[in-house]
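Asker: need coordinates for the below:
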Amino acid sequence: MNPQCQTVMRDAISRVLETMFFTTVLYEGADEPQVGEILPYHFESNILIHGDSQEITLFCLSTDRFARMITANFLGVEETGLSVAEIADTMKELANMTAGEFVAKFNGSSWRLAIPGFEETKPAFKRYSGKNMASLRLYDEDGPLALMLCRQVETGK
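Answerer: Numbering: from 1, shown residues only. Predicted coordinates for the structure are as follows:
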């Protein structure tokens with residue numbers, strides 16, 4: 001796990017959640033999930049960040065409860081009755097804004113953000129594949145909310 005990546009990821013997600021989604025969460029600086037660990041998340045957004053000599057992928061795996069909470073806060077509506085399309089748009093915005101904050105912390109490179117992706121997952125079937133990523137677990141007093149993952153790959157350009 002890259003400690004710098006984890007620190008930058010925590011700063012970026014904190015700023016985005018507090019300023020754009022009016023949400024404060026607790027963090028657990030956890031070890032990377034175990035290979036094959038069943039992850040209790042319903043949604044995944046991700047974004048690829050292209051740099052001069054590396055590529056970074058940010059993943060946000062979210063519980064249904066967290067996704068509905070941030071979507072309602074972002075849209076200014078009640079949590080009940082939200083569509084998966086509204087949740088998808090919000091989760092992609094979360095990925096995009098977090099990536100923007102993330103790369104702002106790395107000076108000296110030009111970064112290009114790809115279009116964020118979204119996937120609705122089945123928690124019983126979503127298993128961690130073990131790709132050596134920095135990880136950060138978000139939770140509140142009621143339990144887990146989300147898992148942020150960061151994978152850096154040197155491109156050798």
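Asker: who touches the longest strand belonging to the chain?
Answerer: Longest among the strand segments of the chain by residue count, using DSSP state E, is strand 143-154. Contacting residues not belonging to strand 143-154 are listed as 2, 5-6, 9, 13, 25, 33, 39-41, 53-63, 65-66, 98, 102, 131-139 [CB atoms under 8 Å, 6 or more residues apart in numbering]. Placement of C-beta: from N, CA and C, glycine included.
Asker: so how do I select the buried members of these in ChimeraX?
Answerer: Isolation of the buried members of these (16 or more other CB atoms under 10 Å) is achieved in ChimeraX through the command below:
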select :5,6,9,13,25,33,39,41,54,55,56,57,58,59,60,61,62,63,65,66,98,102,133,134,135,136,137,138,139
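Asker: the contacts of strand 143-154 in strands, which ones?
Answerer: With DSSP E as the criterion, strands contain 54-62, 134-139 from among the contacts of strand 143-154.
Asker: one step back: and the longest strand of the chain with strand 54-62, angle?
Answerer: Following axes from the mean of the first three to the mean of the last three CA atoms, to 10 degrees, one obtains 170 degrees for the angle between strand 143-154 and strand 54-62.
Asker: quick one: distance of strand 143-154 to the chain centre.
Answerer: How far strand 143-154 lies from its chain's middle: 6 Å, per CA atoms, centre = their mean, to the nearest Å.
Asker: go on, stretch 56-66?
Answerer: Taking mean C-alpha positions (CA atoms, centre = their mean), stretch 56-66 and its chain are 4 Å apart.
Asker: also stretch 77-96?
Answerer: When C-alpha coordinates are averaged (CA atoms, centre = their mean), stretch 77-96 and its chain have centres 14 Å apart.
Asker: who does the helix or strand where N46 lies touch, helix- and strand-wise?
Answerer: Per DSSP states H and E: N46 is located in strand 43-50. For strand 43-50, the elements it packs on are strand 54-62, helix 84-104, strand 112-113, strand 117-120, judged by 3 or more CB pairs under 8 Å, 6 or more residues apart in numbering; DSSP states H and E.
Asker: buried set for the longest one?
Answerer: In this case it means helix 84-104. 86-99, 101-103.
Asker: I figured L61 hits E37, correct?
Answerer: No. With contacts defined as CB atoms under 8 Å, L61 does not count as touching E37, sitting 11.6 Å away.
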